[in-house]
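Colleague: Following is a predicted model, sequence given first.
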Amino acid sequence: MQIGPHQLKNRLIVAPMAGVTDRPFRMLCKRLGAGMAVSEMITANKALWTTPKTLRRANHEGEVEPIVVQIAGGEPQMLADAARLNVEHGAQIIDINMGCPAKKVCNVAAGSALLRDLDNVGRILEAVVKAVDVPVTLKTRTGWSREVKTALAVAKMAEDAGIAALALHGRTREDMYRGDAEYDTIRAVKQAVSIPVVANGDIDSPQKARHVLDYTGADAIMIGRAAQGRPWIFREIQHYLETGIELPPPMVGEIRELMLGHLDELYGFYGEYSGCRIARKHIAWYTKGLAGGNAFRQQMYKLESTDEQRRAVGEYFSRLSDAGDRLSYVVEDEDKLDRDGGAVAEGEACGA
């Protein structure tokens, strides 16, 4: 998989997810087998460029190349300016967000709301590509609704404008994340354009990854929600694509150390107060389906310091290690899982 001058090590890409794909998470996924990771979206609104949130999202210190920054907005010139600024700050690939279905994004005519105005889509693509000398990619959906699918039209516009690669989520904006992703549209887009096409949506196992690649003919796949709490999915998929053999579940001790390292990175990146709170959703994802996970989470949510939180996680995984060498998942009570959901909902605002 190649995007402009950047040759990726494989065809596995981390989807941009608001509240999830921060620098610690991107670096972890790359270490565990992802060939590329796209940042959380950065607003094109100049008034917000110097806010702590935007500055943190633009922090790529120590990250493995290529550095991919996603920008979001609805006005061509503002997006072009945002692209230039991020390239000045180290971005090697600019990605345009036309796929986020979140209301707060669509309400300002950004994200997937742009799919209702294809004339503006064309102006945005042209303006951003002309503004920078690095590759520009596009992430979008199949359309605004099932009745009005625009993927083919947008894909051809993207190709004509000089977009270097297109990531397509197999749902419309109205679908949000409900139902199953459909891959027929991705297949049709791949057959219609010559630029690389990345398939996105519901890819949650090595077998599903193989099926989607084979069925759509896509050049790569993009994984979002399935990597939450399971960043090692990238090495599992890569191994299966190369050998046709499934890797065994990871060792509990390895995941304990991996997770503690992830927590340390989050604490260092966000600080004591925010680090503790942001880590909660990651801990919830890591422990979902593990023995005693729900009871552990209810206690973990009450902890107010990073030291307490880190110690509790270490002790929980040590207990799991005593029960077995490898991770083993169990069926948890659905009502309890629903109650946990509120702690992690932010991370599913824009991803697949």
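Modeller: Okay, I see it. Remember, it's a predicted structure, so these values are computed and weren't measured experimentally.
Colleague: what about the strands in the stretch 201-350 of the chain?
Modeller: Along the stretch 201-350 of the chain, the segments classed as strands by DSSP state E, counting those that start in this stretch run 220-223.
Colleague: tell me the contacts of the spatially closest residue to His6 that is not a sequence neighbour?
Modeller: Take His6 and drop its neighbours on the chain: the residue closest to it by C-beta to C-beta, 6 or more residues apart in numbering is Pro66, 4.4 Å away. From N, CA and C alone the C-beta is placed, and that goes for glycine too. Residues in contact with Pro66 (C-beta atoms under 8 Å, 6 or more residues apart in numbering) are Ile3, His6, Leu8, Met36, Gln92, Ile93.
Colleague: The same query, at a cut-off of 7 Å, please.
Modeller: By C-beta atoms under 7 Å, 6 or more residues apart in numbering, Pro66 lies in contact with His6, Met36, Gln92, Ile93.
Colleague: For the residues you listed, work out which two are farthest apart.
Modeller: Put simply, by C-beta to C-beta the two of the contacts of Pro66 set farthest apart are Met36 and Gln92, 10.3 Å from each other.
Colleague: Most neighbours among the contacts of Pro66, which one?
Modeller: Taking other C-beta atoms under 10 Å as the neighbour criterion, Met36 ranks highest of the contacts of Pro66 with 28 neighbours.
Colleague: leaving aside the residues next to it on the chain, what's closest to that residue?
Modeller: That would be Ile13: by C-beta to C-beta, 6+ apart, it lies 4.7 Å from Met36.
Colleague: Neighbouring strands - and their directions - for the strand or helix carrying the one you found?
Modeller: If you go by DSSP states H and E, Ile13 is part of strand 12-14. According to DSSP bridges, strand 12-14 has the following sheet partners: strand 36-37 (parallel), strand 220-223 (parallel).
Colleague: got those strands as a markdown table, with mean pLDDT and distance to Val148 columns?
Modeller: Below are these laid out as a markdown table (pLDDT from 0 to 100; distance: least, C-beta to C-beta, whole Å):
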| stretch | mean pLDDT | distance to Val148 |
| --- | --- | --- |
| strand 36-37 | 97 | 31 |
| strand 220-223 | 98 | 23 |
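Colleague: right, and these - which one's nearest Glu75?
Modeller: Once the strands paired with strand 12-14 are compared by C-beta to C-beta, strand 220-223 is nearest, at 26.0 Å.
Colleague: Can you get me a residue count around Asn45?
Modeller: Using other C-beta under 10 Å, Asn45 has 17 other residues around it.
Colleague: gap between it and Gly289?
Modeller: Asn45 is 39 Å from Gly289, where distance means C-beta to C-beta, to the nearest Å.
Colleague: go on, Trp49?
Modeller: 40 Å.
Colleague: Flag every buried residue along stretch 163-172.
Modeller: Across stretch 163-172, burial judged by 16 or more other C-beta atoms under 10 Å covers Ile163, Ala164, Ala165, Leu166, Ala167, Leu168, His169, Gly170, Arg171, Thr172.
Colleague: And stretch 191-210, by the same measure?
Modeller: Per 16+ other C-beta under 10 Å, stretch 191-210 contains these buried residues: 193, 195-204, 206, 209-210.
Colleague: Redo those as TSV? Include pLDDT and distance to Gly275.
Modeller: TSV is the format used below for the buried residues of stretch 191-210 (pLDDT from 0 to 100; distance: C-beta to C-beta, whole Å):
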residue	pLDDT	distance to Gly275
Val193	98	42
Ile195	98	39
Pro196	98	36
Val197	98	37
Val198	98	32
Ala199	98	34
Asn200	97	29
Gly201	96	31
Asp202	95	31
Ile203	97	30
Asp204	96	28
Pro206	98	32
Ala209	98	32
Arg210	98	37
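Colleague: Which residues are in contact with Asp279?
Modeller: Careful, residue 279 is Ala; it's not Asp. Contact analysis of Ala279 by C-beta under 7 Å, 6+ apart lists Leu263, Leu266, Gln309.
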